[in-house]
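Participant: structural data only, the sequence is not supplied:
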């Protein structure tokens with residue numbers, strides 16, 4: 001046997017990576033997975049770019065061959081994103097429940113259309129609901145259908161046709177894609193993003209228009225239930241303008257002072273669980289939904305915030321700077337979910353005729369709150385109602401040290417920065433007063449408090465003075481701005497941190 005010749009053949013033979021076992025290739029590709037930008041950029045000022053990743057390595061690999069595409073798709077769609085305001089796709093117009101001609105046919109007395117196998121029942125029920133409401137329109141069915149429909153009827157039809165297809169078909173296209181490739185169980189996080197959805201607001205309290213004019217509340221509740229009946233992500237993130245975020249979460253907000261917050265384009269809300277839910281939700285039934293908040297502040301019973309026992313909530317409300325330039329800025333607040341969130345943790349009791357309490361605590365499982373904002377007002381971020389339930393509170397209330405926003409005159413505007421810093425210190429002072437070692441007791445669950453603004457060198461000394469009451473034997477500062485609780489109170493034993 002010619003050993004040297006055999007060796008030459010071995011060293012000259014080509015070795016293709018695709019010849020490796022699929023299990024080994026899949027393991028190698030896992031090393032190319034990265035943390036999604038919706039997490040790594042979560043504390044930056046919200047914009048549509050925050051969910052865009054610059055790392056396209058896996059996407060490029062998926063285009064090499066069918067083998068690599070099959071192996072990379074489970075990694076790529078582990079973190080799934082849906083753009084709600086994307087242009088409608090051509091095949092959506094073929095859906096009989098999304099056309100104006102069907103509405104006119106039904107309003108003229110036509111029978112309900114048969115629900116085909118590829119259409120979900122709740123989508124057809126939503127059209128039936130629209131027809132029912134139009135039939136009761138003050139202008140009458142004939143005027144709604146005529147060349148000059150009543151303003152209310154026209155608004156109802158346009159809002160339905162503009163958004164019902166986007167909510168339903170946008171999600172359905174994604175879910176069909178995932179099911180066809182057996183990826184539904186691989187989804188760990190879901191991100192929904194949208195730019196401004198309506199050109200003008202329909203009511204100071206948007207949920208008041210949800211019964212007839214604004215179909216997005218009903219469509220949003222159905223969409224989330226549909227999503228969670230097919231897949232079970234442990235984290236859901238929504239990036240949207242404040243008023244649209246309220247619609248997408250079926251929350252009540254007050255938009256009275258929204259004009260003052262001209263630089264607050266987007267908010268980010270993220271809800272998460274320590275592990276994926278073990279059970280999927282049942283198939284959505286439109287007739288059983290309760291998608292409209294019953295009052296302000298408050299959440300609708302069918303709100304996304306009620307669909308799972310979420311343990312962690314992250315809210316980024318962006319910049320408050322423009323509002324500081326208005327007269328008596330502290331008397332108005334932004335269109336914000338924070339009031340309904342606080343109300344959900346300690347709701348006002350509602351009793352029936354025989355004095356039995358019928359209200360509940362929607363966010364009863366919430367234990368961790370992360371809040372980011374650029375100089376929120378002290379009266380806006382009063383967290384007294386939240387602290388008894390939380391185990392971890394993480395705050396960032398000033399621009400990050402590498403954020404140039406305070407060096408941009410067009411962003412600062414007429415704001416007096418002294419007022420901004422004063423509001424920030426007031427918030428932390430109020431929190432420190434409630435958590436002080438000489439005051440706190442076992443009724444407060446908080447185990448960890450993080451002040452990320454302690455990273456700002458020029459602010460650290462002032463914050464150290466504010467937090468001096470977070471001291472031993474109850475609290476210990478493990479690193480600048482990170483306080484961990486050691487005992488329940490100054491006179492109690494170990495807290496079990």
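Facilitator: That came through, no problem. Because the structure is predicted, anything quoted here is derived from the model rather than measured.
Participant: tell me where the stretch 1-150 of the chain has helices.
Facilitator: Per DSSP state H, counting those that start in this stretch, the stretch 1-150 of the chain carries helices over the ranges 3-12, 22-30, 37-40, 57-61, 66-76, 100-107, 121-135, 140-145.
Participant: one more: the stretch 151-300 of the chain?
Facilitator: Per DSSP H, counting those that start in this stretch, the stretch 151-300 of the chain carries helices over the ranges 151-180, 216-230, 242-249.
Participant: and residue 386, which of the helices of the stretch 1-150 of the chain is closest to it?
Facilitator: Closest approach to residue 386 among those is made by helix 37-40 (22.6 Å; CB to CB). For the C-beta atoms, the positions are set from N, CA and C on the backbone; glycine is no exception.
Participant: contacts for that closest one, please.
Facilitator: Applying CB atoms under 8 Å, 6 or more residues apart in numbering, the contact partners of helix 37-40 are 50, 51, 52, 53, 54, 79, 81, 189, 191, 237, 239, 270.
Participant: tell me which two in those residues are the farthest apart.
Facilitator: That would be 54 and 270, which, of the contacts of helix 37-40, are the farthest apart (CB to CB) at 20.6 Å.
Participant: which one's more surrounded, these two?
Facilitator: residue 270 (21 against 6; other CB atoms under 10 Å).
Participant: tell me what that one is bridged to.
Facilitator: residue 237, residue 314 (DSSP bridges).
Participant: what pLDDT does the model give it?
Facilitator: For residue 270, the pLDDT comes out at 99.
Participant: how far away is it from residue 195?
Facilitator: According to CB to CB, to the nearest Å, residue 270 stands 19 Å off from residue 195.
Participant: what's the answer for residue 455, then?
Facilitator: Distance of residue 455 to residue 195, given as CB to CB: 32 Å.
Participant: what do you get for residue 480?
Facilitator: Distance, residue 480 to residue 195, using CB to CB: 38 Å.
Participant: okay, the helices of the stretch 151-300 of the chain in CSV with mean pLDDT and mean neighbour count next?
Facilitator: Shown next, in CSV, are the helices of the stretch 151-300 of the chain (pLDDT from 0 to 100; neighbours: other CB atoms under 10 Å):
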stretch, mean pLDDT, mean neighbour count
helix 151-180, 94, 18
helix 216-230, 98, 24
helix 242-249, 97, 25
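Participant: run through the chain and note the low-pLDDT ranges.
Facilitator: Applying pLDDT under 70 to the chain flags residues 1-15, 137-149, 346-361, 492-497.
Participant: for residue 182, the count of nearby residues, please.
Facilitator: Neighbours of residue 182 using other CB under 10 Å come to 10.
Participant: and residue 483, that's in a strand?
Facilitator: Yes: the assignment for residue 483 by DSSP: H, G, I helix; E, B strand; the rest coil puts it in a strand.
Participant: identify the bridge partners of it.
Facilitator: residue 449, residue 477.
Participant: that one: what's it in contact with?
Facilitator: Contacts of residue 483 by CB under 8 Å, 6+ apart are 435, 448, 449, 450, 451, 467, 470, 475, 476, 477.
Participant: repeat for residue 390
Facilitator: Neighbour list for residue 390: 366, 367, 368, 369, 445, 446 [criterion: CB under 8 Å, 6+ apart].
Participant: isn't residue 67 right next to residue 18, touching?
Facilitator: Yes: Residue 67 is within contact range of residue 18, at 5.9 Å (criterion: CB atoms under 8 Å).
Participant: common neighbours of these two, please.
Facilitator: Counting by CB under 8 Å, 6+ apart, the residues touching both residue 67 and residue 18 are residue 25.
Participant: now the helices of the stretch 151-300 of the chain in CSV, with distance to residue 97?
Facilitator: Formatted as CSV, the helices of the stretch 151-300 of the chain follow (distance: least, CB to CB, whole Å):
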stretch, distance to residue 97
helix 151-180, 8
helix 216-230, 12
helix 242-249, 21
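Participant: and residue 282, which of those helices is closest to it?
Facilitator: Residue 282 lies closest to helix 216-230 among the helices of the stretch 151-300 of the chain, at 6.4 Å (CB to CB).
Participant: do a quick rundown of the strands in the stretch 351-497 of the chain.
Facilitator: Ranges of strands in the stretch 351-497 of the chain, per DSSP state E, counting those that start in this stretch, are 368-374, 392-396, 448-451, 475-479, 482-485.
Participant: what would those look like in JSON lines with distance to residue 152?
Facilitator: Putting the strands of the stretch 351-497 of the chain into JSON lines (distance: least, CB to CB, whole Å) gives the following:
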{"stretch": "strand 368-374", "distance to residue 152": "37"}
{"stretch": "strand 392-396", "distance to residue 152": "44"}
{"stretch": "strand 448-451", "distance to residue 152": "49"}
{"stretch": "strand 475-479", "distance to residue 152": "57"}
{"stretch": "strand 482-485", "distance to residue 152": "54"}
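Participant: quick one: closest of those to residue 86.
Facilitator: Short answer: strand 368-374, nearest of the strands of the stretch 351-497 of the chain by CB to CB, at 26.9 Å.
Participant: now for that closest one, which elements pack on it?
Facilitator: strand 312-319, strand 392-396 (3 or more CB pairs under 8 Å, 6 or more residues apart in numbering; DSSP states H and E).
Participant: swap in 10 Å and give it another go.
Facilitator: Judged by 3 or more CB pairs under 10 Å, 6 or more residues apart in numbering; DSSP states H and E, strand 368-374 is in contact with strand 267-272, strand 312-319, helix 338-345, strand 392-396, helix 417-435.
Participant: next one: it to chain centre, how far?
Facilitator: Mean-position distance between strand 368-374 and its chain equals 13 Å (CA atoms, centre = their mean, to the nearest Å).
Participant: ok, that strand: who's next to it in the sheet?
Facilitator: When DSSP bridges is applied, strand 368-374 pairs with strand 312-319 (parallel), strand 392-396 (parallel).
Participant: if anything else comes up later, I'll come back, but that's it for now.
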